[in-house]
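Enquirer: Any chance you can model this:
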Amino acid sequence: MARGFRRRRSGSHVRYAAQLDPLERATVAGLMDQVRELLEPEPRSRDDGDEFSSIVAGLGMGVTVAAEDQSELDASAAERDPALARLLPTANRQDDEVAAEFRRLTETGLRQRKASTLAAAADLMRGDDKLRLDEDQARAVLTALTDVRLVLGERMGLRTDDDVHLLEAAAEDLDPDDPLGYALSVYDFLTWLQETLASAMLDR
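Expert: So this is what the prediction gives:
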């Protein structure tokens, strides 16, 4: 049976301890992997002979000097996965041009940072049944759990608290083998795990 996170010791020696069984850890780690794959920018393979463009692309900041790259970004934004929109919300809802420019300059770097955090958190979940996280690891796991819940919630159509309550009420009539019921139970487990970690980190 899972045991939520609790704070152990203090100061530089603080640890956040929890206990999950192998199936629970594998489930959480697998979901983190899936969200990481959703976020990771696709590697660019174009070799247009422009050395400056290659250097800029290598910075991992989403900056580009090629006009065709900008048109591709604009097209992809129109076809954006709703889950990505939850993970990477627009910076300016009143001005589409400003939002597109901000996305062009920052999105690749943000995706890389989120993907790196998810990878680190998934590795921690694959460790021992008894998790013992330091401050940096705890922040990574908390952030990763947030992103996983956002994506899973979007896939189930959960965008407000009312949506959650309605789905939980409907789940009572679902067939035991209905995947939606299992997804909801996983979502509830992630919520509980995240809340125990957040509470432990606030417990000074």
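
Enquirer: Now do the helices in this protein.
Expert: For the chain, helices defined by DSSP state H occupy the ranges 22-39, 51-57, 67-78, 82-87, 96-125, 135-155, 161-171, 179-202.

Enquirer: Serialize those helices to CSV and add fields for mean pLDDT.
Expert: Below are those laid out as CSV (pLDDT from 0 to 100):
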stretch, mean pLDDT
helix 22-39, 92
helix 51-57, 43
helix 67-78, 43
helix 82-87, 80
helix 96-125, 80
helix 135-155, 92
helix 161-171, 74
helix 179-202, 89
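
Enquirer: Mind putting those into CSV with distance to Arg3 and mean neighbour count?
Expert: Every residue, glycine included, has its C-beta placed from N, CA and C. Listed next are the helices of the chain as CSV, based on distance: least, CB to CB, whole Å; neighbours: other CB atoms under 10 Å:
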stretch, distance to Arg3, mean neighbour count
helix 22-39, 11, 18
helix 51-57, 46, 13
helix 67-78, 43, 12
helix 82-87, 29, 16
helix 96-125, 15, 17
helix 135-155, 15, 19
helix 161-171, 24, 13
helix 179-202, 9, 16
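
Enquirer: Which among these is found nearest to Arg7?
Expert: Nearest to Arg7 among these is helix 179-202 (4.5 Å), distances taken as CB to CB.

Enquirer: pull the CA atoms of that closest one into PDB?
Expert: Output of helix 179-202 as PDB, limited to C-alpha atoms (Å, rounded to 0.1, in the frame of the first residue of the first chain):
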ATOM      1  CA  PRO A 179     -10.500   2.200 -19.300                       C
ATOM      2  CA  LEU A 180     -12.000   5.500 -18.300                       C
ATOM      3  CA  GLY A 181     -12.500   4.200 -14.800                       C
ATOM      4  CA  TYR A 182      -8.900   3.100 -14.600                       C
ATOM      5  CA  ALA A 183      -7.700   6.400 -15.900                       C
ATOM      6  CA  LEU A 184      -9.700   8.300 -13.300                       C
ATOM      7  CA  SER A 185      -8.300   6.100 -10.500                       C
ATOM      8  CA  VAL A 186      -4.700   6.900 -11.800                       C
ATOM      9  CA  TYR A 187      -5.500  10.600 -11.900                       C
ATOM     10  CA  ASP A 188      -6.800  10.500  -8.300                       C
ATOM     11  CA  PHE A 189      -3.700   8.600  -7.300                       C
ATOM     12  CA  LEU A 190      -1.400  11.200  -8.900                       C
ATOM     13  CA  THR A 191      -3.400  14.000  -7.300                       C
ATOM     14  CA  TRP A 192      -3.000  12.400  -3.900                       C
ATOM     15  CA  LEU A 193       0.700  11.800  -4.400                       C
ATOM     16  CA  GLN A 194       1.300  15.400  -5.500                       C
ATOM     17  CA  GLU A 195      -0.700  16.800  -2.600                       C
ATOM     18  CA  THR A 196       1.300  14.800   0.000                       C
ATOM     19  CA  LEU A 197       4.600  16.000  -1.600                       C
ATOM     20  CA  ALA A 198       3.500  19.600  -1.700                       C
ATOM     21  CA  SER A 199       2.300  19.500   1.900                       C
ATOM     22  CA  ALA A 200       5.500  18.000   3.000                       C
ATOM     23  CA  MET A 201       7.600  20.700   1.300                       C
ATOM     24  CA  LEU A 202       5.500  23.400   2.900                       C
END
